[in-house]
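Undergrad: Sequence plus the predicted model coming up.
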Amino acid sequence: MTSGSDKRQRGETVTVRLTKDERAALETLSSRSGMAAGAFMRAAAFGDAGPRARRRPTADHRTLRQLLGECGRIGNNINQIARRLNQGETVPLPEIKEALAAYRMIRDAIFTALGMKPAGEGSDDHQG
C-alpha cells in the first residue's frame, strides 16, 4: 500500500526569499483568498492552484473577537459554579444547564465564524 507522500505529484520545491513585510503581505493575500500560501502562489503563477488545493474558509475576525469576550464571561460563570461545588455547596441544576447551553452556543458560533459546520450538523471532525 502506498503512503500519502508516495502519491504526491509535486516533488519539486522552489525557495523564494521575502522580506518580513512581503511575507506578511503574502500571508494576508493568501488568507483572504482562502488558500494556503503555496496554492496561492501556484494560482498567481499558473492561473490554477492545482487539483488538490483546498480553499480554507475565511475567518470572521470581528465576530471571533466578540466571541472571545463572551468565552471569558462563560468561563467565569463555570469557575464560580466549580468553586461553589468544591466548597460543598449545592448549585441549582438550571444554573448548570444554563452554563452548559451558553458554552454550546459559543462553541457553535466560533465554528460558524471560522466557516465550519457547528458540532452536531453531520460533521464529526468539524471541517467545513
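TA: Received the coordinates, thanks. Remember, it's a predicted structure, so these values are computed and weren't measured experimentally. Numbering: from 1, shown residues only.
Undergrad: Helix or strand next in line after the helix or strand residue 69 falls within, which one?
TA: Following DSSP states H and E, one finds residue 69 within helix 61-86. Using DSSP H and E, the helix or strand that follows helix 61-86 in sequence is helix 93-113.
Undergrad: Buried residues of that following helix, list them for me.
TA: Using 16 or more other Cβ atoms under 10 Å as the test for burial, helix 93-113 gives 99, 102, 106, 107, 108, 109, 110, 111, 112, 113. The way it works is simple: take the backbone N, C-alpha and C, and place the C-beta from them, glycine included.
Undergrad: now it against helix 61-86, angle please.
TA: Here helix 93-113 runs at an angle of 160 degrees relative to helix 61-86 (axes from the mean of the first three to the mean of the last three Cα atoms, to 10 degrees).
Undergrad: sorry, back to before: which of the buried residues of helix 93-113 lies closest to residue 44?
TA: Comparing the buried residues of helix 93-113 against residue 44 with Cβ to Cβ picks out residue 113 as the nearest, at 27.5 Å.
Undergrad: pretty sure that closest one contacts residue 65?
TA: No. Using Cβ atoms under 8 Å, residue 113 is not in contact with residue 65, being 9.6 Å away.
Undergrad: Quickly list the domain ranges of the protein.
TA: For the chain, automatic domain parsing gives the domain ranges 14-56, 61-113.
Undergrad: Brilliant, that's me finished.
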